[in-house]
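Trainee: what would the 3D arrangement of this be:
(one chain, ligands or ions: 2)
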Amino acid sequence: MQVVTTIAGSDSGGGAGIQADLKTFQELKVFGTTVITALTAQNTRGVSGVLPIEAAFVKQQLQALLDDFSISAVKTGMLFSSAIIHTIAQIIADTNIPLIVDPVMIAKGGESLLQQEAIDAIIHYLLPIATIVTPNIPEAETLTGKKINTIADIKKAADHLLATGVHCAIIKGGHLADATNATDYVFFKNGQAFSMQTPRIATKNTHGTGCTFSAALTAFVGRGLTIKEAIIEAKKFIQLAITHDLALGHGHGPTNHFAYQNDKKSCEVTIYES
Ligand SMILES: Nc1ncnc2c1ncn2[C@@H]1O[C@H](COP(=O)(O)OP(=O)(O)OP(=O)(O)O)[C@@H](O)[C@H]1O
Ligand SMILES: Cc1ncc(CO)c(N)n1
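Mentor: Residues are numbered from 1 along each chain as shown. Ligands and ions are numbered 1, 2, ... in the order given. This next block holds a predicted model:
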């Protein structure tokens, strides 16, 4: 059994953050361990409170895991402050564990999950030691300081991200104005690139899509798939989770973490090599 770790915030509503990650890990048959960076009081309607954990205690959690387990992949989600990011980066830099960075910044309702002062720390400390970074369009704009309107802008943003040292950048198209498809764009440092497309599902139940996608990616990398295989399989996982969404709560409901195990053979992802 492979052991993987998520370093992220707790979502009391269970659809995003640590909770989404653990549900995804369990479904994908890896043993999930956690480093909690913040508690959120949150449901499908929004975030009503954030309580950050002291960086020293974040360090203690991560050190406890590294002292005991052989960890095959780590992901980060909500990191909140530069103090937490520095602490994590310093420890992970001394390992050779693949690191997947989901640069979580704001919740669907607009509440901030990352302080403004922490953005530079992601760019300068975390991305240089990361294997994969998975921004959505607004996150890619913030990390690069440039607006994204066209496919050419996406490529430019990816080049900017790859210049930090990260091996692979996935720019997720969930926020693009395409009513037909959900397309994600993948770029590797060696110049290889591809995009992957699935039908866009018309639903408001997309709470935690980014967390769930990056958790699935982490599980598949931890299981030893190639990065490309892991990315495509994670896209299937999130597509099925959105397709069979759960109408729970009264706002943006969670996705269905059970769906992949039931339906994985039925999900087609169209790949465009470039
Ligand atoms: N309506 C949809 N139908 C199908 N796939 C979608 C839909 N919305 C998002 N996706 C896919 O879900 C994944 C996550 O993308 P998205 O851009 O929503 O992430 P995010 O904004 O980081 O999510 P979060 O709300 O958790 O922060 C991507 O693979 C994206 O293409
Ligand atoms: C704790 C947490 N992490 C990430 C997200 C983004 O989906 C969220 N809403 N809450």
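
Trainee: please count neighbours and contacts with C-alpha atoms only from this point.
Mentor: Noted.

Trainee: what's in contact with whichever helix or strand residue 233 is part of?
Mentor: Here residue 233, judged by DSSP states H and E, is contained in helix 227-243. With CA atoms under 8 Å, 6 or more residues apart in numbering as the contact definition, helix 227-243 has outside contacts at 196, 198, 201, 203, 205-206, 209, 212-214, 216-217, 220-221, 255-260, 263-264, 267-269.

Trainee: cool, stretch 188-200 as well?
Mentor: Stretch 188-200 is contacted from outside by 162, 166-169, 179-187, 232, 239, 268-274, using CA under 8 Å, 6+ apart.

Trainee: which parts of the lowest-mean-pLDDT helix or strand in the chain are buried?
Mentor: When the helices and strands of the chain are scored by mean pLDDT, DSSP states H and E, helix 259-263 comes last with a mean of 92. By 16 or more other CA atoms under 10 Å, the buried positions in helix 259-263 come out as 259, 260.

Trainee: swap in stretch 116-130?
Mentor: Those would be 118, 119, 121, 122, 123, 125, 126, 127, 128, 129, 130, for stretch 116-130 by 16+ other CA under 10 Å.

Trainee: check contacts around residue 158.
Mentor: Remark: with contacts taken as CA under 8 Å, 6+ apart, residue 158 is in contact with 169, 170, 171, 187.

Trainee: mind checking which helix or strand the last one is in?
Mentor: Per DSSP H and E, residue 187 falls inside strand 181-188.

Trainee: what pairs with whatever helix or strand comes next after that strand, and is each one parallel or antiparallel?
Mentor: On the C-terminal side of strand 181-188, the nearest following helix or strand under DSSP H and E is strand 193-199. Partners of strand 193-199 in the sheet, by DSSP bridges, are strand 181-188 (antiparallel), strand 270-273 (antiparallel).

Trainee: pick the most deeply packed of those strands.
Mentor: Among the strands paired with strand 193-199, strand 181-188 has the highest mean neighbour count (mean count of other CA atoms under 10 Å), at a mean of 21.
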